[in-house]
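J.: Fold the following for me, if possible:
(chains A and B)
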Amino acid sequence: MTEASIVHFTNSSSIDELKIAINNACQEGVHGLLLLTCVDNNYDELPLNKILCDCPLPIGGGMFPKIIYQGKNYTKGAIIVGLKIKPTIINYSMPNSTDQNITLYIKNKSKMIQDLKSFIIISDALCDASEDFVDHFYNYMGSGVNTIGGGAGSLDFLPRPVIYTNHGIKGYITQVIALPGALKNSIGHGWEIAKGPYLVTSADGHYVHSLNYTSTFSLYKEEVQEQVNRPLSDDFFVEYAKRFPLGMVSLDGEILVRDPIQTNASYLECVGNVSINSMVYLLTSDKPKMLASSQRIANEIAQYQQKNKTHLLFNCISRDSFLGEEINDELSIIQKTLPETPLIGAMALGEIANTNNGSIRLLNKTTVLGSF
Amino acid sequence: MNTAMHIMSIQHQLVLAIGEETDLKKMLHTFLHLAGQCLNATNSHIFIMQNKQGIPAYQLNKETKIKHFLSFPSRKEGINSNQSSELAKLVSTFSEHEARSKILHLNSTFYYFFKLNEFGVFVIERKDALSKEIQSALPQVINKLTNSCIASINYHTMVFEIKMRKEVEEKIRYQASHDDLTGLYNRMEVQRCLTAAIKATTTEKKTGYVLSIDLMNFKSINDAVGYHVGDKVLRQVAERIKKSTNKETTIAIFNGHEFILIIDQLPANKMKAQLIIGDIIAEIVHTIERPFELSEGHFSLSCYIGYERFTDDSKTAQDIIKNASIAMYEAFKKAKDKALAYKLVMSEQLNQHIRYTKEIKQALINNDFELHYQPQFDHLYNMIGAEALLRWNHPTRGYESPAVYIPIAEESDLIIEIGNYVLEQACRDIKRLRQTELPTSFQQVSINISAKQLVKRDFVTNVISTVSKYQIPPSSLKIEITESIMIGNLEQSITGLNTLLKFGVACAIDDFGTGYSSLAYLKRLPANLLKIDRSFVTDIHLDQSNKAIISMIIQLAKSLSMEVIAEGVETEKEVNCLIELGCYKFQGYYFSRPITFDKLLEYKH
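T.: Residues are numbered from 1 along each chain as shown, chains lettered A, B, ... in the order given. Okay, here's the model as predicted:
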């Protein structure tokens, strides 16, 4: 069996090296390119757009805070994946669309991939409609599809074009790379319930205003204080939010993490929607639990693995800030479990994958591993 | 404790989703989406009773059937759930079942079916079984969903009915004010528009015009190739007029092919307004006279336009439209200018025309018409026949000129009644003539037949029955037609004339040489006599060109085995010249003026 992809890696931020790597990949008889690069490469947009527009092959991918190659993460560099299967790449732009428009828009744009079942979704993390897109995309494609993906962008959350297309580098879009072959995915996070449940008594999209009829911030602070067993000042959020995310538990026990990223000392803003009347929990984790989770998903993929598959990882950037330098332990666990081919991937701002019931969801603080 | 809270949370989330939308599809989409998340369903579906048009209903009747309505996600393993016959079958089996809910484990999938009263089914598909606690909590949600569906369907039905009623009202309003074929306004609507235009023109001190446009030759398209082609042409005319005028122009159609245009908001200055209207008229004439190229062929039309100006409310909408139509009729009658402005004298002439028509009708009733006869002679001065000529002996004005009343009678159907009178009276007179001693040279009495008479379906049977009624030999009657019949329904005329010829009534072509008839058609006409028009005969001995024409007519008659007779012969010199050219039959003042029947009786003795 031949390998599914040809992978080029460079830890250089030079655009010339990127150009050379793309040109080399194009000479190798591949049918499409997936680019994973670091935001900190700070590529000049003009020459970058020329490289992309000149590329004779379908091209997709994104810029991320970090990229992953062979069990290590990099803040500079690029991974150029030459796909030996022919991808169909569709770029969806959807600023401020109403539901009805989104449904029709997705239906019209997705006709050519409606018979495919394997998708890599890369979304501009600043695109508010990402979760709506995922819901509508799933509604159209239906159950039985397999998806991996993540949010591109930078940790400074400044708007900039971060999605690679054949028309140049673009912002505020969601990209679907449809693959003609099978894709197996596995997701895990290692987060567990510390306390709860709390009834969401007031929420609006990403903003959770009150839990159990109390200001979310007050309740959250109280519960975190209890967990750390000491009083906290009002600026505790910056340090503790990454350690104590919120989570929603499905009927079958699956925990969906909702990462609180910001507060105004009243509400908490999460990455992803939280429904009113739903229940949320305070979650906690530690390094062993996270590593165990990564080991579990690597094992799951290894069981399925056939030789020479491409292993693509979307790992939440907040795991990097939680684990610090030990993030490479997590990555090497996966690489060691899947030694045949180099593990490639990106540290993402929100992950995308199918949950247990098959629906495609926007995830937080999660590891999404795919094999195709 | 947590399980109880979780169940309550699910109930509340679902119930909240149900209550958020009045639109059934949107409400159910939100519900199914959330049900998928809360109940960890792989697929969820709603089947609802729908009528033939796919409109949801909750009351069972002959026209409704439970059908797939919505799924989330819309597909399963690449197959649209609305096309899944397996799912439809499962739902159908369940809906016929008495139970309110049912669980089915099939192909590694747990199916949960819930009835929405008798009008719908909610289906959840899961990988694993639902706990008993959740199952027992769902009926309350289903009840709420059922009630919300009924409310939404009611709302939808109400909205649909209002929309339908509005559409019907709009359609009725449209039909009441528009012409079906062209989509232009009808008579009623244009009067309403004109009333408004008069008011605005008066208030704003502007000028307006009403144009009445009548299409010439249009009827012949309908007659020749059928109404479907005529309709196409008419639609194109309507489109062309629309394009050649601005959007503010009100355009209507009356009586099949008469267009009325209201052009207002023109300058108060009469000269300026007249210039503008002149340009518009020129454009309309040009656009109508361009050939119409249809798949059925190319057709040409022309038009006549009458127009009336209005600057104040001294005349009603009806009067202005009527005046424009009178001007149009005048333009058509005169056939000189394509467009004429209305003048008061036109109404006076028209009124006179109408009065005259009434008098002709009364004359027929009072038997004021008489037949006079102008004898016809051969070169040996033997009387060979006579032409019956209609005379109207008006009780107060005396004898009226046929040149006045015949054209008026021809415009209306009175010419048919007059023709019938002539036929009847001529046959009656022939019978009386035959009861006296006729010279052997006297062959027949001829009567003039108009084109309108000739194309009447009962014309031939009418002639035959009248001849039979008076028991006269058919050969004692001859009918005279003019070349103008050839522009009418020629085939029908030829068939009729052939039938009459077989019966024994021969045919002559009157006023020959003036009608520019096609020689090919002439050959097909079963006529045995050409009557040379008087215009060629007068002073023939002095006019070489007329001599040449008559010589040609005589040659033509010979080649068609027809005889010739010269009309309007007034002098001996003309007689001699005609004899020289080969014409031996004559009619004219030189021989005899038209005389009464009694004088004819005396004359031949």
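
J.: Okay, helices next: where are they in the stretch 1-150 of chain B?
T.: Assigned by DSSP state H, counting those that start in this stretch, the stretch 1-150 of chain B shows helices spanning B:2-19, B:24-38, B:85-96, B:132-177.

J.: any idea of the angle the next helix or strand after the last one forms with helix B:132-177?
T.: Just to be clear, that refers to helix B:132-177. Downstream of helix B:132-177, the first helix or strand assigned by DSSP states H and E is helix B:187-204. Orientation of helix B:187-204 against helix B:132-177 (axes from the mean of the first three to the mean of the last three CA atoms, to 10 degrees) gives an angle of 80 degrees.

J.: Contact residues of chain A facing chain B?
T.: Listed as neighbours of chain B in chain A under the rule CB under 8 Å from any CB of the partner chain: A:99, A:114-115, A:117, A:135, A:138-144, A:197, A:199, A:249-252, A:254, A:275-279, A:356-359. Where C-beta positions appear, they are placed from N, C-alpha and C, glycine not excepted.

J.: run the last query once more with 7 Å
T.: A:115, A:135, A:138-144, A:197, A:199, A:250-252, A:275-279, A:356-359 (CB under 7 Å from any CB of the partner chain).

J.: Please narrow the residues you listed to those residing in helices.
T.: The members of those that map onto helices under DSSP state H are A:135, A:138-141.

J.: tell me which residues in stretch A:170-183 are buried?
T.: Within stretch A:170-183, the residues scored as buried using 16 or more other CB atoms under 10 Å in any protein chain shown are A:170, A:172-180, A:183.

J.: picking that back up, can you turn the buried part of the residues of chain A next to chain B into a ChimeraX selection?
T.: To isolate the buried members of the residues of chain A next to chain B in ChimeraX, using 16+ other CB under 10 Å:
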select /A:135,138,139,140,141,142,143,144,197,199,250,251,275,276,277,278,279,356,357,358,359
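
J.: got a list of what whichever residue of chain A sits closest to chain B touches?
T.: Going by CB to the nearest CB, chain B is nearest to residue A:142 of chain A, at 2.7 Å. Residue A:142 sits next to B:73-76, B:78 when contact means CB atoms under 7 Å, 6 or more residues apart in numbering or on different chains.

J.: Kindly report the same for residue B:320.
T.: Taking CB under 7 Å, 6+ apart as the criterion, residue B:320 is in contact with B:194, B:210, B:308, B:310.

J.: filter the residues you listed to the buried ones?
T.: Among the contacts of residue B:320, those classed as buried by neighbour count (16+ other CB under 10 Å) are B:194, B:210, B:308, B:310.

J.: any idea how far the closest residue to chain A within chain B is from residue B:45?
T.: Taking CB to the nearest CB, chain A has its nearest neighbour within chain B at residue B:75, 2.7 Å off. Distance from residue B:75 to residue B:45, counting by CB to CB, to the nearest Å: 11 Å.

J.: thinking again about what came up before, just the buried residues of the contacts of residue A:142.
T.: In those, burial by neighbour count holds for B:73-76, counting by 16+ other CB under 10 Å.

J.: Stretch B:234-253 spans what distance, first to last residue?
T.: Terminal residues of stretch B:234-253 lie 10 Å apart, using CA to CA, to the nearest Å.

J.: tell me, what's touching residue B:75 and residue B:45 both at once?
T.: In contact with both residue B:75 and residue B:45: residue B:81, using CB under 7 Å, 6+ apart.

J.: helix, strand or coil for residue B:599?
T.: helix (DSSP: H, G, I helix; E, B strand; the rest coil).

J.: Repeat that for residue A:60.
T.: Three-state call for residue A:60 (three-state DSSP): strand.

J.: just checking, residue A:255 touches residue A:191?
T.: Yes - using CB atoms under 7 Å, residue A:255 is in contact with residue A:191, at 6.0 Å.

J.: Of those two, which one has the most company?
T.: residue A:191 (24 against 18; other CB atoms under 10 Å in any protein chain shown).

J.: In contact with the more buried one, which residues are there?
T.: Here residue A:191 is in contact with A:245, A:247, A:255, A:257, A:283, A:285, A:365 (CB under 7 Å, 6+ apart).

J.: For the residue nearest to the third one when sequence neighbours are not counted, list each beta-bridge partner.
T.: On the basis of CB to CB, 6 or more residues apart in numbering or on different chains, the spatially nearest residue to residue A:255 that is not a chain neighbour turns out to be residue A:247, at 4.7 Å. For residue A:247, the residues forming beta bridges with it (DSSP bridges) are residue A:257, residue A:281.

J.: any idea how far residue A:247 is from residue A:225?
T.: As for residue A:247, its distance to residue A:225 is 19 Å (criterion: CB to CB).

J.: Have a look at these two and say which one is more surrounded.
T.: residue A:247 (25 against 14).

J.: Would you check that the more buried one makes contact with residue A:258?
T.: Yes - counting by CB under 7 Å, residue A:247 does reach residue A:258; the two are 6.3 Å apart.

J.: hey, what's in contact with both of these two?
T.: With contacts taken as CB under 7 Å, 6+ apart, residue A:247 and residue A:258 have residue A:280 as neighbours in common.
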